[in-house]
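# pasting the structure only:
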Ligand code: GDP
């Protein structure tokens, strides 16, 4: 069960928005994630090579935006099923030459169920037969009235292929994020969620965490579900070793004893011993529940 925190207003600092890209298959989610990532490289702000840790950041107007780079609904719903709210904004990708499709509608339902604001990226506007107005008309029928037609939803026409209007998309995401007033207290022990984890043959368990609150540091004792760890190393989305991670940052953590599931809540506790006890308690609870389930 996740605690709720009651931070004093003066302790809160602006944090980057966390964005998930959703939409129908082949409408360009992966291409758009790649193209957005490349805006940072051409801006010369990050190293050339970004590694896959489940999320990355780009900067616009000097401020970071965090993108979860597992496109599609599965990751989003898996996390929501665990009660994890890790997304602040959904970018709904709709191909301008194809329009609204079943998974477009599913994505709208997911975003609404999670109460997350939607920005529409009308993609593939470079293509012959692209009809961005038709996309707006179709989505208006699903109650996503474009701001330029007097509604409340921001639309941006883009092309992941020609890289057209990507800065506009980032700008729009920031405008929507500003309305959400996303803030967190950085001066406490870190907590947040697991975005992905894997067992690396060389490095052992590698767990990507998204920090919701507080600052994660090397040496911290962490619990995530039935797993615990002492942070041995922190690696950012560029592959650089860092000493700390802050609210809104994704960070790869080495030092876990196992691989907690995506969506699992994590938090820093006062000692390794405490972390071990909490993880063991959780493991026992899970075991008891599963025995209870099996015996009907
Ligand atoms: P996803 O299934 O939503 O992740 O879609 P992909 O990113 O895999 O894209 C599906 C196909 O559409 C690929 O062949 C892409 O090259 C192509 N595609 C994606 N974005 C654009 C675009 O802006 N313009 C054009 N012409 N093709 C695109």
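That came through, no problem. Just so we're clear, the structure is a prediction, and the values are computed from it rather than from any experiment. Numbers count the residues shown, from 1 in each chain.

# residues in contact with stretch 177-189?
5, 7, 11-17, 65, 88-89, 117, 212-215, 220, 246-248, 267-269 (CB atoms under 8 Å, 6 or more residues apart in numbering). C-beta: built from backbone N, CA, C; applies to glycine.

# for the ligand, what are the nearby residues on the chain?
Within the chain, the residues that sit near the ligand (CB under 6 Å from any ligand atom) are 23, 25-31, 71, 123-124, 126-127, 159-161.

# The same query, at a cut-off of 5 Å, please.
Neighbours of the ligand within the chain, by CB under 5 Å from any ligand atom: 25-31, 123-124, 126-127, 159-161.

# Can you say which of these are buried?
Taking 16 or more other CB atoms under 10 Å as the criterion, what is buried in those is 27, 28, 29, 30, 31, 123, 124, 159, 160.

# Which of the contacts of stretch 177-189 fall in strands?
13, 14, 65, 89, 212, 213, 267, 268, 269 (DSSP state E).

# Can you select the buried ones among the residues you listed for me in PyMOL?
With 16+ other CB under 10 Å as the criterion, this PyMOL line picks the buried residues out of the ones in strands among the contacts of stretch 177-189:
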select buried, resi 65+89+212+213+267+268+269
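
# Show me which of the ones in strands among the contacts of stretch 177-189 is closest to the ligand.
The ligand has its nearest neighbour among the ones in strands among the contacts of stretch 177-189 in residue 89, at 17.6 Å by CB to the nearest ligand atom.

# For residue 14, which non-adjacent residue is spatially closest?
Distance criterion CB to CB, 6 or more residues apart in numbering; nearest residue to residue 14, sequence neighbours excluded, is residue 183 at 5.7 Å.

# How confident was the prediction at that neighbour?
With respect to pLDDT, residue 183 has a value of 96.

# Just to check, residue 84 is in contact with residue 193?
Yes: the pair residue 84 / residue 193 is scored as a contact, 4.8 Å apart, by CB atoms under 8 Å.

# The residue nearest to the spatial centre of the chain and the ligand: what is the separation?
In the chain, the residue lying closest to the centroid (CA atoms, centre = their mean) is residue 68, at 3.7 Å. Noted for residue 68: a distance of 13 Å to the ligand, by CB to the nearest ligand atom, to the nearest Å.

# Quickly list what that residue is bridged to.
Residues in a beta bridge with residue 68, per DSSP bridges, are residue 20, residue 55.

# and residue 106, helix, strand or coil?
Three-state call for residue 106 (DSSP: H, G, I helix; E, B strand; the rest coil): helix.

# what about it, neighbour count?
By other CB atoms under 10 Å, the residues close to residue 106 number 15.

# if I look at it, how far off is residue 186?
Distance, residue 106 to residue 186, by CB to CB, to the nearest Å: 36 Å.
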